[in-house]
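1. need a structure here:
(one chain, ligands or ions: 1)
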Amino acid sequence: MAALADDFVADLREWIAIPSIGADPAHHGDVGRSAHWLADALRRDGWPDVRVWDTGPALPAVYACWPAADPDAPTVLVYGHHDVQPVDPVEQWDHPPFEATVVGEELFGRGASDDKGQVAMHLLAVKAHLAALGTDRPSVTLKLFVEGEEESGSPHLLRLIDDHRAELACDLVVFTDTPVYARDAPTICTGQRGVYGAEIVLTGGTSDVHSGRAGGSVPNPATAAARLVAALHDDKGRVTLRDFYADVVEPTDAERADYAALPFDEATWLANSGGAQALTGEEGWSTLERVWVRPTAEVNGIHSGYGGPGLKTIVPAEARIKLSFRLVPDQDPDQVARALRDFVAEHTPAGLHAEVLPAGDGAPPYAVDVTHPAVGALREVFEAAFEQPVRYSRTGGSGPAALLHQRIGVPVVYLGATLPDDRIHAPNERVVVPQLLRGAEAAARLWRLLPGRVS
Ligand SMILES: [Zn+2]
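-> Predicted coordinates:
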């Protein structure tokens, strides 16, 4: 792996130099350039079938296939993305975001960790795998699917999958867009939470009115919004929507034991959580469990009335609440949406009109079946590559793993090697290069191990 490391870093720097910011239409040409850069790199590495899917409406995605020597070997599809987050505020970057800069073991640049670094890790892994075997055919049929819209919520992923059913057919999806728990505690991610977002609009009259002339005689939307938000949780920190927990699948004892064994430092957690002053959350669960395996309701914003200097004595005409729910298996976002509409109807006083509007694209939750043989294989190759005990972890964020699972119809497992403090989506994103080299080592070993384990 060391022999390939210099070329690997040089390639990654070239790719990072293409500002493939999917959110910004001015950069959509760069998303296309980024896709073609990847396709060229794959062809150079010897991948026999490489395609750029760029006929729209999705931003360009890259597909590649390298058939196994053995036609009966399993087929594995590696999923990742090559679009990146915007870089503002750009003045907070210590190095230009699209001129990747190496400082010691770290490589700084937008996309270094999320997700170009991890996709490049797989290119390296295949080279290492073939070099170790001394052949030009991998042990499993490898497919690569790298989309260009993940940072925008993968709005056309469903359509891409359905348009390319034959190409994407496989026995296993390896999802590569998650971190390990920590450098000294490598982990296999076994799930991501889903998300459902909504905006609630409470309306009284058609305009604000004088609080002396009308106040006390008409309902106040701001007061109603505060009461509604206050009623969302009980005093044990549980969400009060009807049947909110009915479909929640609890983690296995093995998973809970693993979470409890991970190093956890409260002060560091608080510092990395915006400088929060205390831990809180649902009673009966640890902090990691609250973030990984328990669902939540968060108020993202409440807006009503006057917020300017001085006092303006009004009863506001309207209040708006933005909420997001993080969901865990087997919660259904549609069922949560229905329960929220009922909750809002029950908590809207007479004389106010309430509307619940969906916000954002949403994503269902996903958890890996940890008894699947690929998970045992992953743990083995991680322990070999990282030379440490490897435990299970999850991530509290959301992604398209459930969609891939549902539409392709096969299990999804996670193979990621980056770190939670890589500052993804933020200024000074970086990747720790040895993490990617170890991740590549793990993947290279996995392709060797899977035949016989997965069919
Ligand atoms: Zn990502």
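
2. contacting residues around the residue in the stretch 251-400 of the chain that the ion sits nearest to?
-> For the stretch 251-400 of the chain, the residue closest to the ion is G399, as judged by CB to the ion, at 7.1 Å. C-beta coordinates here come from the backbone N, C-alpha and C atoms, glycine included. Listed by CB atoms under 8 Å, 6 or more residues apart in numbering, the contact partners of G399 are E150, F175, D177, T178, Q192, A363, Y366.

3. again with S304
-> Going by CB under 8 Å, 6+ apart, S304 touches P221, A222, A225, P316, E318, A319, R320.

4. now, those that are in helices?
-> Among those, DSSP state H puts P221, A222, A225 in helices.

5. the last one and I321 touch, don't they?
-> Okay, so that is A225. Yes: with contact defined as CB atoms under 8 Å, A225 and I321 form a contacting pair (5.4 Å).

6. higher neighbour count, the two?
-> A225 (27 against 23; other CB atoms under 10 Å).

7. per-residue pLDDT, the closest residue to R159 other than its chain neighbours?
-> Using CB to CB, 6 or more residues apart in numbering and skipping the chain neighbours, the partner closest in space to R159 is A58 (6.8 Å). Looking at A58, its pLDDT reads 96.

8. next up, phi/psi of the residue nearest to Y414 when sequence neighbours are not counted, please.
-> Counting by CB to CB, 6+ apart, C189 is the residue found nearest to Y414 once chain neighbours are left out, at 3.8 Å. C189 adopts backbone torsions of phi -70, psi 140, taken as degrees, to the nearest 10.

9. quick check: C189 touching V412?
-> No: C189 is beyond contact range of V412, at 10.7 Å (criterion: CB under 8 Å).

10. those two: which is more packed in?
-> Per other CB under 10 Å, whichever of C189 and V412 has more neighbours is V412, with 26 against 23.

11. residues in contact with the more buried one?
-> Y79, L172, V173, V174, F175, Y366, V368, A401, L404, H405.

12. restricted to strands, list the residues you listed.
-> The strands, defined by DSSP state E, take in Y79, L172, V173, V174, F175, Y366 from the contacts of V412.

13. okay, these in JSON lines with pLDDT and distance to D330 next?
-> As requested, the ones in strands among the contacts of V412 are arranged in JSON lines below (pLDDT from 0 to 100; distance: CB to CB, whole Å):
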{"residue": "Y79", "pLDDT": "98", "distance to D330": "22"}
{"residue": "L172", "pLDDT": "98", "distance to D330": "21"}
{"residue": "V173", "pLDDT": "98", "distance to D330": "19"}
{"residue": "V174", "pLDDT": "98", "distance to D330": "23"}
{"residue": "F175", "pLDDT": "98", "distance to D330": "19"}
{"residue": "Y366", "pLDDT": "97", "distance to D330": "10"}
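
14. just the mean pLDDT for the helix or strand where R394 lies, thanks.
-> If you go by DSSP states H and E, R394 is part of strand 391-395. Across strand 391-395, pLDDT averages out at 96.

15. give me every residue in the stretch 251-400 of the chain that's in contact range of the ion.
-> Counting by CB under 5 Å from the ion, no position of the stretch 251-400 of the chain is adjacent to the ion.

16. pretty sure E147 sits against Y63.
-> No: the pair E147 / Y63 is not scored as a contact, 9.7 Å apart, by CB under 8 Å.

17. more neighbours, the two?
-> Comparing E147 with Y63 by other CB under 10 Å, the one with more neighbours is E147, at 28 against 21.

18. gap between the more buried one and S154?
-> 6 Å (CB to CB, to the nearest Å).

19. quick one: pLDDT of the nearest residue to A225 once chain neighbours are set aside?
-> Of all residues not flanking A225 in the chain, A319 sits nearest, at 3.8 Å (CB to CB, 6+ apart). For A319, the pLDDT comes out at 98.

20. so A319 bridges to which residues?
-> Counting by DSSP bridges, A319 forms beta bridges with L202, S304.

21. tally of neighbours for it?
-> 25.

22. who are the contact partners of it?
-> A319 makes contact with V201, L202, P221, A222, A224, A225, I302, H303, S304, G305, according to CB under 8 Å, 6+ apart.

23. need the buried ones from those selected in ChimeraX.
-> Applying 16 or more other CB atoms under 10 Å to the contacts of A319 leaves a buried subset, and the ChimeraX line that selects it is:
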select :201,202,221,222,224,225,302,304,305
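
24. check which helix or strand H122 maps to.
-> Going by DSSP H and E, H122 is in helix 116-133.

25. sorry, that was for N428
-> N428 belongs to no helix or strand when elements are defined using DSSP H and E.

26. ok, L357 next?
-> Counting by DSSP H and E, L357 is part of strand 353-358.

27. partners of that strand in the sheet?
-> Counting by DSSP bridges, the strands paired with strand 353-358 are strand 194-203 (antiparallel).

28. with only the CA atoms kept, save the partner strand in CSV.
-> Presented in CSV, the C-alpha positions along strand 194-203 are these (Å, rounded to 0.1, in the frame of the first residue of the first chain):
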residue,chain,number,x,y,z
GLY,A,194,-33.6,8.8,8.5
VAL,A,195,-35.0,12.3,8.5
TYR,A,196,-38.3,13.9,8.0
GLY,A,197,-38.7,17.7,8.0
ALA,A,198,-41.8,19.9,8.2
GLU,A,199,-42.9,23.5,8.7
ILE,A,200,-45.9,24.4,10.7
VAL,A,201,-47.7,27.6,10.0
LEU,A,202,-50.2,29.0,12.6
THR,A,203,-52.3,31.9,11.3
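
29. give me every residue that touches the residue nearest to R159.
-> E147, G148, E149, P155, H156, L157, R159, L160.

30. the residue of the chain positioned farthest from its centre in helix, strand or coil?
-> Ranked by distance from the centre of the chain (CA atoms, centre = their mean), the top residue is R213, with 50.8 Å. Secondary structure assignment for R213 (DSSP: H, G, I helix; E, B strand; the rest coil): coil.

31. tell me which residues of stretch 375-384 are tucked away?
-> For stretch 375-384, burial by neighbour count (16+ other CB under 10 Å) applies to V375, A377, L378, R379, E380, V381, F382.

32. make that stretch 12-27, sorry
-> For stretch 12-27, by 16+ other CB under 10 Å, it's L12, R13, W15, I16, A17, I18, P19, S20, I21, G22, H27.

33. neighbour-wise, which of the contacts of G399 leads?
-> Q192 (30 neighbours).

34. my guess is that one contacts V368. True?
-> No: with contact defined as CB under 8 Å, Q192 and V368 do not form a contacting pair (9.8 Å).

35. fine by me, we can end here.
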